[in-house]
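Trainee: generate coordinates for the sequence data below:
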Amino acid sequence: MLEGRDIICFCNDWDGDPLSKKHVMLGLARKNRILWVNSIGNRNPRATGRDLRLVVKKAREFAAGCRRVAANIYVFSPLVIPLHGNALARRFNRWFLAATLRRVCRQLAFRNVITWTFFPTSGDVVGRLGERLVVYHCVDEYSEFTGTDKAAVAGMEERLLAKADLVIASSQLLYERKRRDNAPTFLVTHGVDVEHFRRACSPDTVVPPELAGLPHPVIGFFGLIADWVDLETVRFLAVSRPQWSFVLIGRTQTDIGRLQGLPNVHLLGRKDYQVLPAYCKGFDVAILPFVINDLTNAANPLKLREYVAAGLPVVASAIPEVEKLDGLVAIGRTPAGFLAQIEAVLRSGTAGPRLERSRAVDGESWTSKIDHLSELVTSVEHPRAMEATVR
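Mentor: As a prediction, this is how the structure comes out:
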């Protein structure tokens, strides 16, 4: 594993759900110092109450300065204008963000910095922080998210790829796309916290009461409920099998009107990461219903491996990274196909968490992935300024 490095990480907000980014940085923080830079935005803001509250929150966090949130991890919320298609806004962001981050790095006495970015919108400021190495860890096709200025985000990613010393892609499609613009590009799929999710297989784990009282079979999903989740398929399943219970766990970020009024659909809201295995224990089958588009085709959903680590049978949409797991995961190519695959699991008598299924991802731990990432960084490391400090 990397050791003794100072890393600036451009990421999503620290207080969000633990995505692959947080797992990677928590692992690296065991032997390195991390400056976690909260989200600098990907989509254009809208005149909504939600976005207004987010602006106020960002301003307060920026005023609070840098804070230590865990061993070797410091979080800083920058102030930027999230209008990536506006040249003046980008120029301001480039100057102001670089200046504030250099100041924070001086306060933390960061030296020989590695910039490790997950966000293409960092492309204008990366390279201006006195870093010795730039890593672009690409986990999504960010220009395809709803609400983004696609051309602007794609342009910023091109500039980032030109600056990067190392590019990591989490899916085969992302790898194929990004290696065209950058030579040292490697495919490293997501890991999974096997021991955490395997608690779903333990007789000592108690299913939460709000789930334990539902009629079986329970067909479950957890994750952000956004516009890439195929709610039409969920509705089809719920209407087709009114005696089944359909449980969706996660923050809602899209219109769920088509599910409202269905008595067997239960929207339980966001749950803390620590209790997800207990909810998984109450599932008979886990589902991953995704709309098929350019965004999801490039995705490698973390929850796919988390479901398997929990020992659950999984039925998922036919995106490329799911197709690679055919045999471990059942594929539903249509709403009717989803229903048929779920019924096949239920008929087989193998519903619910099973330890033997969980063991299929024993070699996919985050520790092994972070060791691999560390080896790749070491292999391309060539200091830009070996003894330079951030000025």
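Trainee: and the helix or strand hosting I370, what other elements does it pack with?
Mentor: Taking DSSP states H and E as the definition, one finds I370 inside helix 366-380. Here helix 366-380 touches helix 20-28, strand 133-138, strand 166-169, going by 3 or more CB pairs under 8 Å, 6 or more residues apart in numbering; DSSP states H and E. C-beta coordinates here come from the backbone N, C-alpha and C atoms, glycine included.
Trainee: change it to 10 Å
Mentor: helix 20-28, strand 114-117, strand 133-138, strand 166-169, strand 185-187, helix 194-197 (3 or more CB pairs under 10 Å, 6 or more residues apart in numbering; DSSP states H and E).
Trainee: distance to R60 and mean neighbour count for the ones you listed - can I get that in CSV?
Mentor: What follows is the helices and strands packed on helix 366-380, written out as CSV (distance: least, CB to CB, whole Å; neighbours: other CB atoms under 10 Å):
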stretch, distance to R60, mean neighbour count
helix 20-28, 22, 21
strand 114-117, 24, 26
strand 133-138, 28, 24
strand 166-169, 33, 24
strand 185-187, 38, 18
helix 194-197, 32, 18
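Trainee: among the ones you listed, which is nearest V308?
Mentor: Minimum separation from V308 across those (CB to CB) falls at helix 194-197, 8.4 Å.
Trainee: ok, then the element right after the closest one?
Mentor: helix 209-212.
Trainee: what does that following helix rub up against?
Mentor: The contact list for helix 209-212, computed with CB atoms under 10 Å, 6 or more residues apart in numbering, reads 206, 218, 220, 245, 247, 249, 266, 268-269, 271, 278-283.
Trainee: and whichever helix or strand comes after it, how far out from the chain middle?
Mentor: Using DSSP H and E, the next helix or strand after helix 209-212 towards the C-terminus is strand 218-222. In terms of CA atoms, centre = their mean, to the nearest Å, the centre of strand 218-222 is set 19 Å apart from its chain centre.
Trainee: direction included, what does strand 218-222 pair against?
Mentor: Paired strands of strand 218-222, with direction, are strand 245-249 (parallel), strand 285-288 (parallel) (DSSP bridges).
Trainee: list the buried residues in the last one.
Mentor: Along strand 285-288, the positions that meet the burial threshold by neighbour count (16 or more other CB atoms under 10 Å) are V285, A286, I287, L288.
Trainee: which one of these sits closest to V194?
Mentor: Of the buried residues of strand 285-288, the one sitting nearest to V194 (CB to CB) turns out to be A286, at 15.8 Å.
Trainee: ok so, going back, could the helices and strands packed on helix 366-380 go into a markdown table alongside mean pLDDT and distance to D326?
Mentor: Formatted as a markdown table, those follow (pLDDT from 0 to 100; distance: least, CB to CB, whole Å):
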| stretch | mean pLDDT | distance to D326 |
| --- | --- | --- |
| helix 20-28 | 96 | 22 |
| strand 114-117 | 97 | 33 |
| strand 133-138 | 96 | 24 |
| strand 166-169 | 96 | 21 |
| strand 185-187 | 96 | 18 |
| helix 194-197 | 98 | 21 |
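Trainee: could those go into TSV alongside distance to A99?
Mentor: As requested, the helices and strands packed on helix 366-380 are arranged in TSV below (distance: least, CB to CB, whole Å):
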stretch	distance to A99
helix 20-28	24
strand 114-117	16
strand 133-138	19
strand 166-169	26
strand 185-187	31
helix 194-197	40
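Trainee: between those, which gets nearest to P82?
Mentor: It is, among the helices and strands packed on helix 366-380 and with distance given as CB to CB, strand 114-117, at 16.2 Å.
Trainee: between the helix holding I370 and strand 133-138, how big is the angle?
Mentor: 140 degrees (axes from the mean of the first three to the mean of the last three CA atoms, to 10 degrees).
Trainee: follow-up on the earlier one: with mean pLDDT and distance to H190 added, can I get the strands paired with strand 218-222 in TSV?
Mentor: As requested, those are exported to TSV (pLDDT from 0 to 100; distance: least, CB to CB, whole Å):
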stretch	mean pLDDT	distance to H190
strand 245-249	98	19
strand 285-288	98	14
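Trainee: what's the closest of those to I342?
Mentor: strand 285-288 (5.3 Å).
Trainee: which is the next helix or strand following the closest one?
Mentor: helix 294-297.
Trainee: and that following helix, what's its mean pLDDT?
Mentor: Averaging pLDDT along helix 294-297 gives 96.
Trainee: I'd assumed S143 was in a strand, is it?
Mentor: No: checked against DSSP: H, G, I helix; E, B strand; the rest coil, S143 lies outside a strand; its state is helix.
Trainee: can you give me the pLDDT of it?
Mentor: pLDDT at S143 comes out at 93.
Trainee: gap between V275 and R235?
Mentor: Noted for V275: a distance of 27 Å to R235, by CB to CB, to the nearest Å.
Trainee: with S358 instead?
Mentor: When S358 is compared with R235 (using CB to CB), they lie 30 Å apart.
Trainee: so for those two, which residue has more residues nearby?
Mentor: Under the criterion of other CB atoms under 10 Å, the comparison of S358 against R235 puts S358 first, with 23 against 17.
Trainee: and the contacts of the helix or strand encompassing the more buried one?
Mentor: Element membership for S358 (DSSP H and E) is helix 355-358. Residues outside helix 355-358 that contact it (CB under 10 Å, 6+ apart): 192, 194-195, 197-202, 307-314, 328, 350.
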